[in-house]
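[1] Give me a model of this one.
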Amino acid sequence: MELRHLEHFVAVAEQKHFTRAAEAMSISQSGLSASIRALERELRASLFVRNTRSVELTEAGRALLCEGRRTLAAAEAARDAVAAVQGLLRGHLTVGLEQCLGVVDVPALLAKFRSAYPGVEIEVRQGGSTPMLDELASGRLDLAFVATAGDPVDGLDLRSLSREPMVLVCAPDHRLAAGRPVSLDDLAGESFVDFDRTWGARTISDRAFTTAGVAHPVTIEVNDVHTLLALVAHNLGVALVPERIAAKRGDHCTVPLTPGSAADWQVSVAVPTGTAASLAADALLGMLPTTAVHN
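    This next block holds a predicted model:
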C-alpha cells in the first residue's frame, strides 16, 4: 500500500468531494480518481459511495479512515525523527486554538517557533474545544490550546495553563446587577446568551444548570466574545462566562457566583499521551513559559 494512495483517500474523505480534494492535493482529478481506484483494487473493497454532488464513506472506508490517519501520522513522525538525528526539524505542525483563551500569546509563540524552525510548516485551526479534542485524538492536530472543566480525556494529556471561576454577566440595570453573589437558582426564568455548544465555557454552563436542575434556555447563540458581551449589555439575555472574558471592556456588569455553582474554566495545552506527540509539537511545548504549564 502506497502512502500517496492513503493521502489521497484521506483528502477525499475529509473534503467529501473529488474536485476539492484534487485542488487541496494539487493534482488532477483524473489522477486522484485513479489513485483511489488503485487503493480499492488493492483492498478489494469500495471505499466511497459516489453521487453527482458529493461522496460518502462506505463501512470499509470508515474503517480505513481512522487507521489511515494513524499510518500517515506515523510516517510523518518517522521522517521527522530522521531529520532530528541530522540536526534538523522539518515537517508539519497543526495547532488547534479556541478563541480568546489568553494566558499564552499564541501568535507570538508561533512566530518564535517559525524563526527557530523555518523548515516546519505551521497550520492553525480555530474552533471550539470539543471538536479540537476529537481532532487531536484522531491525529488531525498535533496539539491544541483548549478550555475545559479539567476532566481527563482518554489518550490525551491536558497540561493546565490557568484556572479561573465562571461569573455572571448582565446589563447594568438588570435585577441581579447589585453585585452580591448569585446562585443558579437566582437565574431561574432568565433568557441566556451563550457560546456555541463546542466552546468550553458553554459545556461548563450546560453541565452546571443540568446538575442544579435549573432551566438554561439559550435564546441567542454566538461564536464571538465581544458580540456576546454587547448583547448582554443591551439586556438581551444574561450569560455565564469565565472571569477573564467578563473583564474585557464593555458596558456589562459582572456578578460573582456562589461557591460551587459551576466548575472552574481551565485553559490547557493538550497533546497525545505517550510517544504519540510529534517532534515539532514537543519543540513548541518547550517554548512555553515554564511557569505557565502545570502537569
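[2] So, low pLDDT: which residues of this protein?
    83-89, 274-277, 290-295 (pLDDT under 70).
[3] what helices or strands is the longest helix seen in it leaning on?
    Identified as the longest helix of the chain according to DSSP state H is helix 59-85. The contact analysis (3 or more Cβ pairs under 8 Å, 6 or more residues apart in numbering; DSSP states H and E) places helix 59-85 against helix 3-15, strand 91-97, helix 279-286. C-beta here means a position set from N, CA and C on the backbone, and glycine is covered the same way.
[4] For it, buried residues please.
    61, 64-65, 68-69, 71-73, 76-77, 80, 83-84 (16 or more other Cβ atoms under 10 Å).
[5] same question, stretch 108-116
    Counting neighbours by 16+ other Cβ under 10 Å, one finds that the buried residues in stretch 108-116 are 109, 110, 113.
[6] As CSV, those with secondary structure and distance to residue 254 would be great.
    Shown next, in CSV, are the buried residues of stretch 108-116 (DSSP: H, G, I helix; E, B strand; the rest coil; distance: Cβ to Cβ, whole Å):
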residue, secondary structure, distance to residue 254
109, helix, 29
110, helix, 31
113, helix, 35
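[7] Return the member of those nearest to residue 25.
    Of all these, residue 110 has the smallest distance to residue 25: 24.8 Å, by Cβ to Cβ.
[8] element containing the closest residue to the closest one other than its chain neighbours?
    Spatial nearest neighbour of residue 110, excluding adjacent residues (Cβ to Cβ, 6 or more residues apart in numbering): residue 122 at 5.9 Å. If you go by DSSP states H and E, residue 122 is part of strand 120-126.
[9] who touches that strand?
    89-99, 110, 113-114, 132, 135, 141, 280 (Cβ atoms under 8 Å, 6 or more residues apart in numbering).
[10] 6 Å instead?
    89, 91, 92, 93, 94, 95, 96, 97, 110, 280 (Cβ atoms under 6 Å, 6 or more residues apart in numbering).
[11] Name the residues of it that are buried.
    120, 122.
[12] List the buried residues for whichever helix or strand comes after that strand?
    Next helix or strand after strand 120-126 toward the C-terminus (DSSP H and E): helix 129-137. Using 16+ other Cβ under 10 Å as the test for burial, helix 129-137 gives 129, 130, 131, 132, 133, 135, 136, 137.
[13] for these, which one is nearest residue 195?
    residue 129 (10.3 Å).
[14] How about the closest one, nearest residue that isn't a chain neighbour?
    residue 146 (3.9 Å).
[15] by contact count, what packs against the strand or helix carrying the one you found?
    Here residue 146, judged by DSSP H and E, is contained in strand 143-148. For strand 143-148, the elements it packs on are helix 129-137, strand 265-272, judged by 3 or more Cβ pairs under 6 Å, 6 or more residues apart in numbering; DSSP states H and E.
[16] returning to that earlier point: need the helices and strands packed on helix 59-85 in JSON lines with distance to residue 22, can you?
    Shown next, in JSON lines, are the helices and strands packed on helix 59-85 (distance: least, Cβ to Cβ, whole Å):
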{"stretch": "helix 3-15", "distance to residue 22": "8"}
{"stretch": "strand 91-97", "distance to residue 22": "20"}
{"stretch": "helix 279-286", "distance to residue 22": "27"}
